[in-house]
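Q: kindly generate the corresponding structure for this input.
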Amino acid sequence: MVDYDRIGYSPGIMPSQWIAEAVARGVIQASPPVTSDQIQPNSLDLRLDTVAYRVQCSFLPGPEGLQRKLSRFKWYDIPLDEAGTVLERNQVYLIPLTEQLRLPEHISVRANPKSTTGRLDLFTRLVSETGSVFDEVPAGYSGRLYLEVVPRSFAIIVRPGDSLAQMRFQHANAQFTDAETAALMDETEIVLSHNREPLRSIDLRISAGIFLSVRLSGEPDSTIGFKARRNTQPIDLRLLGMAPVRQYWERLHWRPSAPVILEPDDFYIFASRELVRLPPEYCAEMVPFDAGSGEVRTHYAGFFDSGFGYGRGLPAAQTAGAVVLEIRNRDVAYLIEEGQPLFRLLLLRTAEVPDRVYGADASSHYQSQRLRLSKQFKSSDIETEDLSDRGQERLAF
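A: Numbering: from 1, shown residues only. This is a model prediction of the structure:
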């Protein structure tokens, strides 16, 4: 087991400099080697290896182990190469990752899809060799990692080295209590209103996180969301800014007198009404599903690195960003309304301030965002609406 006694960190999410040292020490191993571009302020991007397994169903390895279970439920192998491989909609794939772990006894791992992955409606979950839960790796684990991938709305084209998920390393308890969260909100500009005014603890409900809401209003006929079309061409993950929005999405426009009703099993993109700003001392995650807020899953990619919506020396009102909601409704049609609380944001402490900050030292397409699709789509189509499209669109409300 790796000797990691000289950790020198407080409880919390481990920072980028710890991740770099973990790579150097062999705690994180990979072939080809981990690159600096993979290291984010509080997380590490994970890369696909050279093969995907088409499996009969999703499963957890448990004590039986992944290889034995895979021998029972694997249908066939699919090579991944630089020409690109299509992963079909609603098919379950298990893909080995290039990264392996030899975790020390005091460090555990949690994983989540990357922002782009969630906005493409790619359902991904991290699996370890003997894991009994998804997206978690226990302290002291040594072995390979795998990613379960299920494209939901769009078929995708992937290659070896593509990154669909990221993992973060945690020492002890990282979550702020409700009392600590309230104190932070009262002393720091972490959550702002839609008109960029700081919100304090008295303004929002705090219960195992901060309750935030959805924005469904704007200028008349402005775009307030997107609904995924079905039976489209595959999306190549490496072709950035190329896919026409109209081919893959229906725009949802604001109509003051019309309700927004989510249809079962359709996929939607909306933005939060509130804006979020995370100084380097903090990071955050979203609660993926809250039955008390309706039978709605509000995101796939729920982690925010330190520095999201933050800019050194810049006012919070200038840099704070919206949370983009990746919504899939369940079972029955469901009404959502402007300002309706729809998800919770959990504030997490960092074990030490990272040596790189999201959006500054670690650039991102999603820094200081409002309503925004993934980076594969033409930004001009996202940010300015082509009025000629309107007659072609079937509104969801």
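
Q: now for the closest residue to residue 133 other than its chain neighbours: which residues touch it?
A: Spatial nearest neighbour of residue 133, excluding adjacent residues (CB to CB, 6 or more residues apart in numbering): residue 60 at 7.1 Å. (Each C-beta comes from the backbone N, C-alpha and C, glycine too.) With contacts defined as CB atoms under 8 Å, 6 or more residues apart in numbering, the neighbours of residue 60 are 127, 131, 132, 133, 134.

Q: out of the residues you listed, which are buried?
A: Of all those considered here, the ones buried according to neighbour count by 16 or more other CB atoms under 10 Å are 127, 131.

Q: export the contacts of residue 60 as a markdown table, with columns for secondary structure and distance to residue 184.
A: Compiled in a markdown table, the contacts of residue 60 are given as follows (DSSP: H, G, I helix; E, B strand; the rest coil; distance: CB to CB, whole Å):
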| residue | secondary structure | distance to residue 184 |
| --- | --- | --- |
| 127 | strand | 34 |
| 131 | coil | 33 |
| 132 | coil | 34 |
| 133 | coil | 29 |
| 134 | coil | 30 |
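
Q: of the contacts of residue 60, which pair is most distant in space?
A: Every pair in those was compared (CB to CB); the two farthest apart turn out to be 127 and 132, at 10.5 Å.

Q: quick check: neighbours shared by these two?
A: With CB under 8 Å, 6+ apart applied, the overlap between the contact sets of residue 127 and residue 132 consists of 60, 61.

Q: surely residue 340 meets residue 212?
A: No: proximity of residue 340 to residue 212 does not meet the contact threshold set by CB atoms under 8 Å, at 10.2 Å.

Q: so which of these two has more stuff around it?
A: Of the pair residue 340 and residue 212, residue 212 is the one with more neighbours under other CB atoms under 10 Å, namely 24 against 15.

Q: which other helices and strands does the helix or strand in which the more buried one is found contact?
A: Using DSSP states H and E, residue 212 sits in strand 210-215. Helices and strands in packing contact with strand 210-215 are listed as strand 267-276, strand 321-329, strand 341-349; criterion 3 or more CB pairs under 8 Å, 6 or more residues apart in numbering; DSSP states H and E.

Q: mind running it again at 10 Å?
A: Secondary-structure packing of strand 210-215 (3 or more CB pairs under 10 Å, 6 or more residues apart in numbering; DSSP states H and E): helix 178-187, strand 223-228, strand 267-276, strand 321-329, strand 341-349.

Q: just give the nearest non-adjacent residue to residue 50, would you?
A: With sequence-adjacent residues excluded and distances taken as CB to CB, 6+ apart, residue 50 is closest to residue 160, at 4.8 Å.

Q: secondary structure of the one you found: a helix, I assume?
A: No: the secondary structure assignment for residue 160 gives coil rather than a helix, going by DSSP: H, G, I helix; E, B strand; the rest coil.

Q: what's the burial count for it?
A: Counted with other CB under 10 Å, the neighbours of residue 160 add up to 17.

Q: report the separation between it and residue 35.
A: Residue 160 sits 14 Å away from residue 35, taking CB to CB, to the nearest Å as the criterion.

Q: hey, what's in contact with both of those two?
A: A shared contact of residue 160 and residue 35, defined by CB atoms under 10 Å, 6 or more residues apart in numbering, is any residue touching both; here these are residue 47.

Q: and the helices in the stretch 1-150 of the chain?
A: Counting by DSSP state H, counting those that start in this stretch, the segments of the stretch 1-150 of the chain that form helices are 16-25, 66-73, 115-119.

Q: and among those helices, the most buried is which?
A: helix 115-119 (a mean of 23; mean count of other CB atoms under 10 Å).

Q: quick one: list the elements packing against it.
A: Helices and strands touching helix 115-119, by 3+ CB pairs under 10 Å, 6+ apart, are strand 122-128, strand 163-171, strand 267-276, strand 321-329.

Q: those: lowest mean pLDDT?
A: Sorting these by mean pLDDT places strand 321-329 lowest, at a mean of 91.

Q: got the angle between it and strand 267-276?
A: For strand 321-329 and strand 267-276, the angle between their directions (axes from the mean of the first three to the mean of the last three CA atoms, to 10 degrees) works out to 150 degrees.

Q: just the CA atoms of strand 321-329, as CSV, please.
A: Provided in CSV are the C-alpha atoms of strand 321-329 (Å, rounded to 0.1, in the frame of the first residue of the first chain):
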residue,chain,number,x,y,z
GLY,A,321,-23.0,31.5,-13.4
ALA,A,322,-26.3,29.7,-13.7
VAL,A,323,-26.6,26.0,-13.0
VAL,A,324,-27.6,24.2,-16.2
LEU,A,325,-30.3,21.6,-15.4
GLU,A,326,-30.3,18.3,-17.4
ILE,A,327,-33.9,17.2,-16.7
ARG,A,328,-35.5,13.9,-17.4
ASN,A,329,-39.0,13.5,-16.1
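
Q: neighbouring strands for that strand, and are they parallel or not?
A: Using DSSP bridges, strand 321-329 pairs in its sheet with strand 267-276 (antiparallel), strand 296-297 (antiparallel).

Q: single out the most deeply packed of these.
A: The highest average neighbour count among the strands paired with strand 321-329, using mean count of other CB under 10 Å, belongs to strand 267-276 at a mean of 23.

Q: go through stretch 318-336 and flag the buried ones.
A: Of the residues in stretch 318-336, those buried under the neighbour-count criterion (16+ other CB under 10 Å) are 319-329, 334, 336.

Q: I should have written stretch 225-233 there, sorry.
A: Of the residues in stretch 225-233, those scored as buried under the neighbour-count criterion (16+ other CB under 10 Å) are 225, 226, 227, 228, 229.

Q: one more: stretch 102-118?
A: Within stretch 102-118, the residues that count as buried by 16+ other CB under 10 Å are 102-104, 107-118.

Q: farthest pair within those?
A: Checking the buried residues of stretch 102-118 against each other with CB to CB, the farthest-apart pair comes out as 104 and 116, at 30.7 Å.
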